[in-house]
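Trainee: Below: sequence and its predicted model.
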Amino acid sequence: MNKFTILLGDFYHPAPNLQASLEKLYLNNSQIQLNFVNIEAINESLLNQTDLLIIGRENRINPKDKILQYWMDEQKANDITQFVQNGGSMLVCHSGLSSYEQNDQYIQLVKGYFKFHPKVQQIVNYHNNNQDHDSFSFLDEHYFVSVDEQNTEIFLTSTSVDGESIAGWRHTYGKGKVCCITPAHHKEALLHHDMLKLLEHCTNWCLE
């Protein structure tokens, strides 16, 4: 059995949205155990019992306040990095790339971070670069990201009226694996059949 530890939900991204997608894929799969946790639970002890860590929440705890607080401190970043180095896998989804720029260890691990998205949502086209899953389109926040392209594999790109960006990348790190994807924001997009196929493809790659 593969055990998934899943951290979701922030001010702009309600946890039930991505949770619904993961449950639709895996809730009735006897070979997958889903464990949804809060930020306090992310520690070395829990990660030692995990096959795949999924992060789908931004780093800011209080994005509307003048003095910002962040959930990922040096100890959590170190625990997550050691987990991957020792052979664990991590899938970073959408907001899991946001507001982590000040955490150098995490950025080195995932090799990318969110820069901005246009205020008005548009149809975003996601283009598969490797022919291992289909290209697709839906209404979404078009995430523009910075990625260390020389040290990861780009497998998904995105285009809209606002421009073009990288949308999916993956790499090994120590004995483990890291996969990052920028879609999707709304519940409707997260439950889109092509988004579900992308999530399944990414989790399968992480567990290979």
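Mentor: Great, that's in hand.

Trainee: Check what pLDDT residue 134 gets.
Mentor: Looking at residue 134, its pLDDT reads 71.

Trainee: In contact with it, which residues?
Mentor: 128, 194, 197 (CB atoms under 8 Å, 6 or more residues apart in numbering). To be clear about C-beta, it is placed using only N, CA and C from the backbone, and glycine gets the same treatment.

Trainee: Am I right that the last one falls within a strand?
Mentor: No - judged by DSSP: H, G, I helix; E, B strand; the rest coil, residue 197 forms no part of a strand; its state is helix.

Trainee: can you map out the helices along the protein?
Mentor: Secondary structure of the chain (DSSP state H): helices located at 15-26, 44-47, 74-85, 104-110, 187-190, 193-207.

Trainee: So for the fifth one, could I get the coordinates as PDB, restricted to C-alpha?
Mentor: Output for helix 187-190, consisting of C-alpha atoms alone and laid out as PDB, is shown next (Å, rounded to 0.1, in the frame of the first residue of the first chain):
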ATOM      1  CA  LYS A 187     -13.100  23.300  -8.200                       C
ATOM      2  CA  GLU A 188     -14.500  22.900 -11.700                       C
ATOM      3  CA  ALA A 189     -11.100  22.900 -13.300                       C
ATOM      4  CA  LEU A 190      -9.700  20.600 -10.600                       C
END
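
Trainee: Please pull out the lowest mean pLDDT helix or strand from this structure.
Mentor: For the chain, the helix or strand with the lowest mean confidence is helix 44-47, at a mean of 92 (criterion: mean pLDDT, DSSP states H and E).

Trainee: Which strands or helices does that one pack on?
Mentor: Secondary structure elements in contact with helix 44-47, counted by 3 or more CB pairs under 8 Å, 6 or more residues apart in numbering; DSSP states H and E, are helix 74-85.

Trainee: The residue of the chain most remote from its centre and residue 10, how far apart?
Mentor: Computed with CA atoms, centre = their mean, the residue of the chain farthest from its C-alpha average is residue 66, at 26.4 Å. With the distance defined as CB to CB, to the nearest Å, residue 66 ends up 18 Å from residue 10.
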